[in-house]
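> Sequence and predicted structure below; questions after.
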Amino acid sequence: MTHWTIRLPFPPPSNHRMIPRGQRLIKSPQAREYADQVSYLWEMADLRPMSGQFKVRIVGYVNDYRLWDVDNLPKLINDSLCRAGAYPDDSVKYMRECTSACCEELSLEADRYVTVSA
């Protein structure tokens, strides 16, 4: 079975992910830009995509004490990784478990980031 870990930028806040367009919601420019970044990083990492059933663990590393919801991490990250080809789909047919957590210690780096392991 394939296993990998990739480091990604922190996703935009959940209230900046979708914008109204007529009677429906579409991805915001920030969400599309994030998906493009993830696609580029996936391609540069040269990792093998997941196949069959798998589990995903997302860990957020922060550089400040602002409050943020750990449950806001998975959606855009998983959608972006699917688009990049990391896994065929994020439905329960393939992704059997998705956990997200935050690092207890502050990141020593200037930027917030996440790691994704599958």
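Cool, the structure landed.

> C-alpha from now on. contacts and neighbour counts both.
OK.

> which SSE is Tyr40 in?
Under the criterion of DSSP states H and E, Tyr40 resides in helix 29-45.

> which helices and strands sit right next to that helix?
For helix 29-45, the elements it packs on are strand 5-9, helix 74-84, judged by 3 or more Cα pairs under 8 Å, 6 or more residues apart in numbering; DSSP states H and E.

> what comes up buried for the very next helix or strand once past that helix?
Using DSSP H and E, the next helix or strand after helix 29-45 towards the C-terminus is strand 54-61. Buried residues in strand 54-61, counted by 16 or more other Cα atoms under 10 Å: Phe54, Val56, Ile58, Val59, Gly60, Tyr61.

> okay, those residues in JSON lines with pLDDT next?
Below are those laid out as JSON lines (pLDDT from 0 to 100):
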{"residue": "Phe54", "pLDDT": "91"}
{"residue": "Val56", "pLDDT": "93"}
{"residue": "Ile58", "pLDDT": "92"}
{"residue": "Val59", "pLDDT": "89"}
{"residue": "Gly60", "pLDDT": "86"}
{"residue": "Tyr61", "pLDDT": "82"}
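
> out of those, who's nearest Ile6?
Ile58 (9.8 Å; Cα to Cα).

> In this structure, what helix or strand scores lowest on average pLDDT?
Least confident helix or strand of the chain, by mean pLDDT, DSSP states H and E, is strand 113-117 with a mean of 84.

> May I have that strand exported as CSV, CA atoms only?
Listed next in CSV are the C-alpha coordinates belonging to strand 113-117 (Å, rounded to 0.1, in the frame of the first residue of the first chain):
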residue,chain,number,x,y,z
TYR,A,113,1.1,25.2,7.2
VAL,A,114,-0.5,21.7,7.2
THR,A,115,0.9,18.3,6.6
VAL,A,116,-1.2,15.6,5.0
SER,A,117,-0.4,11.9,5.4
